[in-house]
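Take this sequence and fold it.
(one chain, ligands or ions: 2)
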Amino acid sequence: MNSILRFPSKKNKVTLEDGVVVKRHHDGDALLREANLLRRLHQAGLAVPALLALEEDALRLEYLEGPTYADLVDTMTPQQADSLGSWLALYHSITGSLRGDCNLRNFLWSEGRCVGVDFEDREVFGEPEVDMGKILAFAVTYHPSFSTKKAKSARFLLQAFRRTGGELSRIRQAYLAEITAMNQRRKGDPIGSQLAALFFAKLM
Ligand SMILES: Nc1ncnc2c1ncn2[C@@H]1O[C@H](COP(=O)(O)OP(=O)(O)O)[C@@H](O)[C@H]1O
Ligand SMILES: [Mg+2]
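Ligands and ions are numbered 1, 2, ... in the order given. The predicted model follows:
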């Protein structure tokens, strides 16, 4: 029997069709960018889904079962945080560029390791701490934001990032910059920058 399940996706249509993930792109350039980077990362040994087929308007990807990091952000273990930290460090060393889109739905916990998905954006360059700060900003602002559980997970993430060489003041700067960027992107109630800074200070 054919079964189709749709994943939450803002820009594209991403479905699970008979055990294969189908990502239908809105933009041909983004489709090719994602296909090329996926092949490159896979060959370099980074945990990403295998590209099974490149079609005119879609990618067919190996399905990696498991929650996204957005789903487990309130219960993150040190092992899950470390795995994300190591994944990110390897990504930086392979590409020499930033991950960029650091929302936690782009990281899956599958078969006991972190796997990255979603590589359609153009390359962005900068300090590795920019990605680390962004990941932290996403992690602590998922609803309910700035909770005790978020602090626990953020502490594990921060420790993981520092273990791979992340420098604290740069991570903090990037975290606060991302909070500001979120406020510019989102309508509705702004996230208090003082609250965000205080929350970060308490992670140490
Ligand atoms: N290979 C995969 N295995 C399992 N789930 C996936 C896979 N690729 C994508 N997903 C799921 O689909 C969602 C959307 O895919 P993504 O590539 O991030 O698209 P978008 O560019 O629209 O954000 C992801 O957050 C994840 O939950
Ligand atoms: Mg995504």
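
ok, the residue nearest to G28 when sequence neighbours are not counted - contacts?
Computed as C-beta to C-beta, 6 or more residues apart in numbering, the closest residue to G28 that is not its neighbour in sequence is D57, at 7.5 Å. The C-beta positions use only the backbone N, C-alpha and C, and glycine is treated the same way. By C-beta atoms under 8 Å, 6 or more residues apart in numbering, the contact set of D57 is R24, H25, G28, L31.

and D57, what are its phi and psi?
Dihedral angles of D57 (phi, psi; degrees, to the nearest 10) stand at phi -130, psi 10.

Just confirm G166 is within a strand.
No: using DSSP: H, G, I helix; E, B strand; the rest coil, the assignment for G166 is coil, not a strand.

Quick check: the gap between it and D131.
9 Å (C-beta to C-beta, to the nearest Å).

Looking at these two now, which is surrounded by more residues?
Set G166 next to D131 and count neighbours by other C-beta atoms under 10 Å: D131 wins out with 26 against 23.

What is the burial count for the closest residue to ligand 2 within the chain?
In the chain, the residue that lies nearest ligand 2 is D118 (3.7 Å; C-beta to the ion). Using other C-beta under 10 Å, D118 has 20 neighbouring residues.

Just say helix, strand or coil for it.
coil.

from memory it sits against R99, does it?
No: using C-beta atoms under 8 Å, D118 is not in contact with R99, being 9.6 Å away.

Tell me the residues on the chain that lie near ligand 2, please.
N106, D118 (C-beta under 5 Å from the ion).

For the helix or strand of the chain with the lowest mean pLDDT, which outside residues touch it?
Taking mean pLDDT, DSSP states H and E as the measure, strand 4-6 is the helix or strand of the chain with the lowest mean score, a mean of 93. Residues outside strand 4-6 that contact it (C-beta under 8 Å, 6+ apart) are K13, V14, T15, L16, E17.

so what secondary structure elements neighbour the strand or helix carrying S153?
Element membership of S153 [criterion: DSSP states H and E] is helix 148-163. When contacts are defined as 3 or more C-beta pairs under 8 Å, 6 or more residues apart in numbering; DSSP states H and E, helix 148-163 sits against helix 78-95, helix 128-141, helix 168-185.

on contacts alone, who are the packing partners of the shortest one?
This means helix 128-141. helix 78-95, helix 148-163, helix 168-185, helix 193-201.
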